[in-house]
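Q: Prediction below, plus the sequence it came from.
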Amino acid sequence: MSRQQGGFVVRTHSVIARIAAIIIGILVLVGFTSGVDANASPPPGHGKPAAGRPLRGLPPHVQPVSPPIVPKPATAKKPAPVRPAPMTERTAMAQAKATGKPVDVTADTTDTTDVVANPNGTFTLHSSVLPVRTRRADTWVPLDQTLHANPDGTISPAASADGVTFSGGGTGPMVTLTHGTASLSLTWPGALPRPTVQGATATYASVLPGVDLQLAATAADYREVLVVHDATAAANPALAAIKLTATAHGLRRVP
């Protein structure tokens with residue numbers, strides 16, 4: 001239907017159709033945007049979903065972790081260092097002649113002796129009356145009488161031929177000597193004060209009036225000394241009656 005108005009022809013059906021098309025377009029656009037998942041992952045380059053917000057399509061107990069957990073690669077254990085075999089006299093001599101330099105015959109080394117193969121075909125033996133080295137983890141190391149604290153409060157030299165342990169104070173053994181599984185402990189008659197340590201010597205002050213006790217680690221075992229400071233202390237009859245208690249394990253008395 002159409003009608004004449006002011007010189008213009010208005011086509012009513014055409015106008016209505018256009019208005020209806022615009023309304024339908026608006027409704028379709030609104031419905032499309034409301035159906036978009038606000039939680040969906042954006043395409044690459046457009047940001048990331050908010051951390052901690054669950055994603056649709058996954059069970060509630062299965063959700064991604066931010067940041068993602070990446071397992072650490074397994075680290076291979078370092079192989080134990082291979083220790084060289086002891087150098088025999090024949091091998092040491094061959095190496096000495098080939099290099100023109102002396103070579104230690106490590107197979108003959110002990111705590112008191114060592115042997116050297118010389119390039120001229122001879123051997124040289126060095127010997128000591130007292131130990132000069134000790135074994136630590138299948139390796140010979142020089143003796144070191146410097147005293148160090150042990151976890152239990154006692155003190156011991158850094159490297160000794162046999163085990164030597166001094167008291168850290170208290171009523172325990174004054175000194176304990178060990179060799180393999182055997183041990184011998186000597187205990188002072190009374191509680192010892194906490195010692196002061198200097199080098200290889202531990203000093204226990206005033207074990208008697210005017211008298212200090214000193215224990216020193218040596219190459220062979222240990223040495224004990226009573227330091228008397230004055231004549232009055234020297235006249236104390238207790239100095240002549242000090243009795244140490246001995247306790248042994250793994251030893252037998254020889255008649």
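A: Thanks, I have it.
Q: Tell me the spacing between the residue sitting nearest the centre point of the chain and Ala98.
A: The residue lying closest to the centre of the chain (CA atoms, centre = their mean) is Pro151, at 14.6 Å. Pro151 sits 48 Å away from Ala98, going by CB to CB, to the nearest Å. (Glycine included, C-beta is placed from N, CA and C.)
Q: Ok, Ala220 next?
A: Counting by CB to CB, the separation of Ala220 from Ala98 is 39 Å.
Q: hmm, who's touching stretch 223-239?
A: Stretch 223-239 is contacted by residues Val175, Thr203, Val207, Leu208, Pro209, Gly210, Val211, Asp212, Leu213, Gln214, Leu215, Ala216 when judged by CB atoms under 8 Å, 6 or more residues apart in numbering.
Q: give the contact list for the fourth one.
A: Contacts for Leu208 (CB under 8 Å, 6+ apart) come out as Ala233, Asn236, Ala238, Leu239.
Q: So the chain: which segments form each domain?
A: Under the assignment automatic domain parsing, the domains of the chain span 89-129, 140-249.
Q: Looking at those, which is nearest to Lys78?
A: Closest approach to Lys78 among those (CB to CB): domain 140-249, 22.7 Å.
Q: Run the chain-centre distance for that closest one.
A: Its chain's C-alpha centre and that of domain 140-249 lie 30 Å apart, by CA atoms, centre = their mean, to the nearest Å.
Q: so Thr113 sits right up against Val129, yeah?
A: No: counting by CB atoms under 8 Å, Thr113 does not reach Val129; the two are 10.8 Å apart.
Q: The two: which has the busier surroundings?
A: Counted by other CB atoms under 10 Å, Thr113 and Val129 do not tie: Thr113 has more neighbours, with 13 against 8.
Q: now Val149: how far from Ser156?
A: Just so we're on the same page, residue 149 is Ala rather than Val. Going from Ala149 to Ser156 by CB to CB gives 9 Å.
Q: before we move on, what about Ala216?
A: 13 Å.
Q: and Ala92, how many neighbours does it have?
A: So Ala92, with other CB under 10 Å, has 23 neighbours.
Q: Please give the element, helix or strand, for it.
A: Per DSSP states H and E, Ala92 falls inside helix 89-99.
Q: Can you list the strands that the next helix or strand after that helix pairs with?
A: Per DSSP H and E, the first helix or strand lying C-terminal to helix 89-99 is strand 103-104. Applying DSSP bridges to the sheet, strand 103-104 is found paired with strand 113-117 (antiparallel).
Q: tell me the angle of the partner strand relative to helix 89-99?
A: If you take axes from the mean of the first three to the mean of the last three CA atoms, to 10 degrees, strand 113-117 sits at 50 degrees to helix 89-99.
Q: Surely Thr134 is in contact with Pro157?
A: No: using CB under 8 Å, Thr134 is not in contact with Pro157; the gap is 9.9 Å.
Q: just the CA coordinates of stretch 207-222, formatted as CSV?
A: This file holds the C-alpha atoms of stretch 207-222, laid out as CSV (Å, rounded to 0.1, in the frame of the first residue of the first chain):
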residue,chain,number,x,y,z
VAL,A,207,92.2,-29.6,88.6
LEU,A,208,93.8,-29.2,92.1
PRO,A,209,94.4,-25.9,93.8
GLY,A,210,97.2,-24.1,91.8
VAL,A,211,97.6,-27.1,89.5
ASP,A,212,96.6,-27.4,85.8
LEU,A,213,96.3,-30.6,83.7
GLN,A,214,97.6,-30.5,80.2
LEU,A,215,97.0,-33.3,77.6
ALA,A,216,98.8,-33.1,74.3
ALA,A,217,98.4,-35.2,71.2
THR,A,218,101.7,-36.7,69.9
ALA,A,219,102.7,-38.8,66.9
ALA,A,220,102.5,-42.0,68.9
ASP,A,221,99.5,-41.3,71.2
TYR,A,222,99.4,-38.5,73.9
